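Q: sequence? don't have it. structure:
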């Protein structure tokens, strides 16, 4: 797949995820917007507001400012930044938030449909480039963010579904790439350790720890898993995403561990790879 084709895939996946999220938000009665989610300090309204903020920045909206108070759930500069959109929309009507998502994402989609970025590695526009993101990273991250938040809202409001969409597959594949870091750094596995991760609906992924202590994929062909791994983890897509996404409703018991169960348990306990 060429870089242009890859960018188009990201855009198509993002656009599909936008439609799914808007449809879900439009179905929710007003009381559901106040329901707590898996994300500390954020209710459904906060998630919708966060999405409106970022889609606005992608679609040309002016940068927003707000005084972000100290809070247990705000632990980093990125957390402070993402809280701004929540604060500036706390009293906004639900319809206005949904319209903002629809309006700015449509502007951005029209721009991308007319012309994809010529250089995937060049800095992304606006604030995203300022934090070090490339065009490719921005386009790749947006469907992940949207689908994860759609699922946060679905769990909070008792509306499960959309676990086999383009956004779902994209998100799980993306999060699978970080397992090597978890193996080597967060779980502290020794050099020579190997890991096979089997997530239902995805190609098995193999990882190993190099002599200098780095966690890396073991094959260029993802269809060729490592033989006799030190530990094998097997689970379904939703469980994996909840664990790798650091969601509080994740259930580690839904991961089957074969081989070194002590190491496997440590990997599962440290599987969160989101900021």
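A: Good, I have the coordinates. The structure presented is a predicted model; accordingly, all values stated were derived computationally and were not measured.

Q: From here on, just use CA atoms for contacts and neighbour counts.
A: Will do.

Q: hang on, isn't residue 4 packed against residue 116?
A: Yes: contact status for residue 4 versus residue 116: in contact at 7.4 Å, counting by CA atoms under 8 Å.

Q: just checking, what packs against the helix or strand harbouring residue 86?
A: Assigned by DSSP states H and E, residue 86 belongs to helix 77-88. Secondary-structure packing of helix 77-88 (3 or more CA pairs under 8 Å, 6 or more residues apart in numbering; DSSP states H and E): helix 44-58.

Q: who's in contact with the helix it packs on?
A: Residues from elsewhere that reach helix 44-58 (CA atoms under 8 Å, 6 or more residues apart in numbering): 25, 32-37, 62-63, 82-83, 85-86, 89-90, 94, 97-98, 100-101, 104-105, 108, 125-127, 146, 149, 153, 156.

Q: May I see the ChimeraX selection of the buried members of the residues you listed?
A: In ChimeraX, this line selects whichever of the contacts of helix 44-58 come out buried by 16 or more other CA atoms under 10 Å:
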select :25,32,33,36,37,82,83,85,86,89,94,97,98,100,101,104,105,108,125,146,149,153,156
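
Q: Could you report the pLDDT at residue 223?
A: With respect to pLDDT, residue 223 scores 47.

Q: Same question for residue 74.
A: According to the model, residue 74 scores 85 on pLDDT.

Q: Could you do residue 275 as well?
A: 65.

Q: Equivalent analysis for residue 63, please.
A: 88.

Q: returning to that earlier point: show me the contacts of helix 44-58 that map onto helices.
A: Judged by DSSP state H, the subset of the contacts of helix 44-58 located in helices is 25, 82-83, 85-86, 94, 97-98, 100-101, 104-105, 108, 126-127, 146, 149, 153, 156.

Q: in stretch 259-270, what's buried?
A: 263, 264, 265, 266, 267, 268, 270.

Q: what is the residue lying closest to the third one once chain neighbours are set aside paired to in the beta sheet?
A: Yep, that's residue 265 we're talking about. Distances taken as CA to CA, 6 or more residues apart in numbering put residue 257 closest to residue 265, at 7.5 Å, once the chain neighbours are dropped. Legend: beta-bridge partners of residue 257 under DSSP bridges are residue 233.

Q: got a list of what residue 257 touches?
A: So residue 257 contacts 231, 232, 233, 234, 264, 265 (CA under 8 Å, 6+ apart).

Q: tell me the phi and psi of the first one?
A: So that's residue 231. Dihedral pair for residue 231: phi -150, psi 140, per degrees, to the nearest 10.

Q: pLDDT below threshold where in the stretch 101-250 of the chain?
A: Within the stretch 101-250 of the chain, the ranges that satisfy pLDDT under 70 run 220-225.

Q: could you pull out the strands for it?
A: With DSSP state E, counting those that start in this stretch, the ranges of strands along the stretch 101-250 of the chain come out as 194-199, 205-209, 215-217, 231-235.

Q: Per-residue pLDDT of the residue nearest to residue 265, please?
A: For residue 257, the predicted pLDDT is 98.

Q: Could you shift the numbering so residue one becomes 48, and keep it that way?
A: Yes, from this point I'll number from 48; that puts the last item at residue 304.

Q: quick revisit: in CSV, list the strands of the stretch 148-297 of the chain along with distance to residue 100 and mean neighbour count.
A: Shown next, in CSV, are the strands of the stretch 148-297 of the chain (distance: least, CA to CA, whole Å; neighbours: other CA atoms under 10 Å):
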stretch, distance to residue 100, mean neighbour count
strand 241-246, 32, 25
strand 252-256, 35, 26
strand 262-264, 35, 23
strand 278-282, 34, 20
